[in-house]
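Colleague: Quick one: sequence and predicted model below, then my questions.
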Amino acid sequence: MANSRAHFTLSPSWPNYAGVIATLLAVLVGFGRYFLLDWWDPTHCQALLNGGSWLDGNLKGWQPNGCMIHTYKPTDVAACADSREFVFIGDSVTRTLFFEFAHIIGPKLPLAPPDDNQKHADHSLRADSGITVSFYWDPFLNSTRVNDLINTDIYASRTVRRPAMLVLGSGLWHLRYAETSGGIPSWEANMERILEVLAHAPIKPADEVVVLPVEQVITSKLSHDRAETIRPSFVDAMNSDLFHRINPSLANYFNILGRTPPAIPVSLPVVFNDMVDIRETGDGLHFSSTIVRQQANLLLNLRCNDHLPQHFPYDTTCCRSYPWPGIMHFVVLVLTISWGPISLLSSQHAGQRFRYIPTVNAEHIPRLVISGSVLVIYMADRTNLWLKEHKSFNPWTFGLLNVLALILGFATVKRSDKDLGFLNRDQTDEWKGWMQIAILIYHYLGASKISGIYNPIRVLVAAYLFMTGYGHGTYYLKKADFGFLRVAQIMVRLNMFTLILAYTMDTDYISYYFAPLVSMWFLIVYATMAIAPQYNDHIPFLLGKLFLSAAAVTWFMKTEWVLQSVFDVLRQVFRIEWSAREWAFRVNLDLWIVYVGILAAVAVIKTREHRITEHPQWALGVKAAVGASFVAMLWYFVFELAQESKFTYNVWHPYLAMVPVLAFAVLRNASVILRSASSRAFAFVGKCSLETFVIQYHFWLAGDTKGILLVLPGTRWRPINFVFTSFLFIFVSHWVAKATGELTVWICSDPHKATMPLPATQASLDTHIPLVAVNGAKPEGGPDAQTPQRRRWLDRLAEGAAPENAASLQTTWQPGLKAKLGGMLGLMWFLNLTWT
């Protein structure tokens, strides 16, 4: 009897389908949020003023809802203020804010009145930058000075410059002295008068007018007299009245969601009352510098963020708009994004390009992937499509994520039937994978300030460079292939997408330091091994050559003027603006680990050549090496944890990094079982580790690595965002790795052969594999079908596709490898010279 149940089988390509769908869903959510919720606040100024939370219990960092703030320094404020005045008028709460604000602008300025007799006096402070910050004591906001300042007739004359910011604060004195001041009714009438004048003024009395909310008090810490008159319910009622006067409800189409832009050109930072903390006040009324300084910094973000330099890094997104790309930037961006679609359409017959869904062939997939990934990455980090927030370190979260990664890694371990050898390909992919996961978690949580975490992460970077020396050293010692083709393949593969991002995101190539770093070290290894290569088998000669190479590189990197001179030439001839100091720091941290990798390659090769493993004492030697490695690893962790700071550790790192790296290599290869086993999950990430390192700068992280990306709006949804964006991030990185690999083959291929290589997941043109097969039936359009079916573009993206007939790909003339690379270098030179 036939089984009546339907059997569903997922296609092996389901992760790729899920990745495409998740990406489209993320874009849809982004556009939905932007046009439905934030249409009136695209730069998140109101988000800055209306909500947020502390990132940790120590009140170290404030996080507005959905955007990133800037921590201001005196030089930043000087560029924004343009030598104009900041004016504060109000009560003692406003005075405390004034002094903290002034201290940010001028660190030498006082943080309080010189004595108690001047508490209720006016103050005017002038910073070294020439900026004046003034405070006028007026707790009821009813003096003639307030009337003069909000009367904009005086600014009609060009001789009187408007203040850069006007801050007004009152309310508590109306409550404290209600019998003489008139209490809440008097305060309401006065605020109504002030707001009425501001609403009808032909010009604003200052670039930014801020009305402070009535500060929330801590009743339990108030004195008896204050607690009798200043009650939280009164404060809430006053703030509610103030909010609705500045943000009246508008019963129209644009108020469907109950959110409208302020009707009066006044900013009301209601978030100030969310920032107060009972631990940070002594009298229940005035709060510590920890709170008030953050409030002052928020005011500077409100006024000055849009005046910050309009160039990379874009690590401030509150109340700041992204600049439009320059001419050449726009051209490069459009051409890169349209490259894939144009190549796809141009391959179709002229009469059918817009009549049918285009047929996606293997040659189109890498181009479509590059175009699509650049579009998504640009939208993520150069538009307000998705939100960005600050990183937040939590030791428990850090530990949990690393434990979960280890569980995933161990759960996907596979065994080979044979001994794969020391540092085999599967093992190195695994090594790169788990290291990259650890580095990604470290970056996502902003753990760089924790010395005990920073130090081992530095070792992981050193391990990457160790593998660079080991891998290339092994290749040149065994193959002795010093031809130009392999150099071109390595350099193109390492730098292709990094350079694409540098131009499309308008950043600095050297800021993606890992690709430049491994590229430089590959060229050094190549140059070292290519000198008199016929003598590389002679150990004394090879060791001498490596020593001289290390000495030359050390002298070059340690001699500041030499490196600076090279960078000066790059700047003058090619308009390449690189920091010699930053590059020297990156290189000098791991100055010799690559040579350790080469020496390890020499040792492994010579061990095999001389069959040392067959020596009777080899097993004893292995046990001794394993024991020594275990002790060395333990010693390293004790040593690095004992260091005072990461800066102290950095001094030791170039000399010590080889200890844990070599120890791990020995321990990982201590037995046949260990050498024949590897984690598929870690290896998967390891195969696209270069892409994850580069793409994380803008997608997954945000703000050029300074923040994190929130696809789902809301700080409380961070855990869900982490899972969702991590899947998108790995999906994009995996496909970019495949695309750059295939494009590298294409660029470095013989022009007389097929234009594009077959992808690893090729399928025949007449094979159609659906997402789900039902009842075990053969897919429609499969090999047994009578008529081949047209395959969907999504199937081809998920599974790969075979190229068209090679004969149809031939052209009359194609440039050779050197011509291609020369053209690319020339194009980059031209772009550098014309970039604005």
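Modeller: That came through fine. It should be emphasised that the depicted structure is a prediction, and the values quoted were computed from it without experimental measurement. Numbers count the residues shown, from 1 in each chain.

Colleague: What separates the first and last residues of stretch 346-359, distance-wise?
Modeller: Its start and end residues considered, stretch 346-359 measures 11 Å (Cα to Cα, to the nearest Å).

Colleague: and the one helix or strand Ile605 maps to, average pLDDT?
Modeller: Using DSSP states H and E, the element containing Ile605 is helix 593-609. Averaging pLDDT along helix 593-609 yields 96.

Colleague: so what does the helix or strand just after it touch, helix or strand wise?
Modeller: Downstream of helix 593-609, the next assigned helix or strand under DSSP H and E is helix 618-641. Packing partners of helix 618-641 (3 or more Cβ pairs under 8 Å, 6 or more residues apart in numbering; DSSP states H and E): helix 451-479, helix 646-656, helix 658-668. (C-beta placed from N, C-alpha, C; glycine too.)

Colleague: try 6 Å this time
Modeller: Under the contact definition 3 or more Cβ pairs under 6 Å, 6 or more residues apart in numbering; DSSP states H and E, helix 618-641 sits against helix 658-668.

Colleague: So which bits of the helix holding Ile605 are buried?
Modeller: Residues of helix 593-609 classed as buried under the neighbour-count rule (16 or more other Cβ atoms under 10 Å) are Ile593, Val594, Tyr595, Val596, Gly597, Ile598, Leu599, Ala600, Ala601, Val602, Val604.

Colleague: give the contact list for the fifth one.
Modeller: In this case it means Gly597. When contacts are counted by Cβ atoms under 6 Å, 6 or more residues apart in numbering, Gly597 touches Phe466, Gly469, Tyr470.

Colleague: burial measure for Pro325, as a count.
Modeller: Pro325 has 18 neighbouring residues, counting by other Cβ atoms under 10 Å.

Colleague: same deal with Gly282?
Modeller: Neighbourhood size, Gly282 [other Cβ under 10 Å]: 10.

Colleague: Just name the closest of the buried residues of helix 593-609 to Ala580, please.
Modeller: Taking Cβ to Cβ as the measure, Ala580 lies nearest Val594 of those, at 20.3 Å.

Colleague: From Glu430, how far off is the spatially closest residue to the closest one that is not a sequence neighbour?
Modeller: Nearest residue to Val594 in three dimensions, chain neighbours excluded: Gly469, at 3.8 Å (Cβ to Cβ, 6 or more residues apart in numbering). Gly469 is 19 Å from Glu430, where distance means Cβ to Cβ, to the nearest Å.

Colleague: coming back round to it: of the contacts of Gly597, grab the buried ones for ChimeraX.
Modeller: Buried subset of those, written as a ChimeraX selection, criterion 16+ other Cβ under 10 Å:
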select :466,469,470
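
Colleague: could the contacts of Gly597 go into TSV alongside distance to His123?
Modeller: Converted to TSV, the contacts of Gly597 look like this (distance: Cβ to Cβ, whole Å):
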residue	distance to His123
Phe466	60
Gly469	63
Tyr470	65
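
Colleague: For Trp635, state which of the contacts of Gly597 is nearest.
Modeller: Of all these, Phe466 has the smallest distance to Trp635: 18.6 Å, by Cβ to Cβ.

Colleague: Quick check: the closest residue to Ser448 other than its chain neighbours vs Phe35, distance?
Modeller: Nearest non-adjacent residue to Ser448, counting by Cβ to Cβ, 6+ apart: Tyr454, 5.5 Å away. Taking Cβ to Cβ as the measure, Tyr454 falls 41 Å from Phe35.

Colleague: Cheers, nothing more for now.
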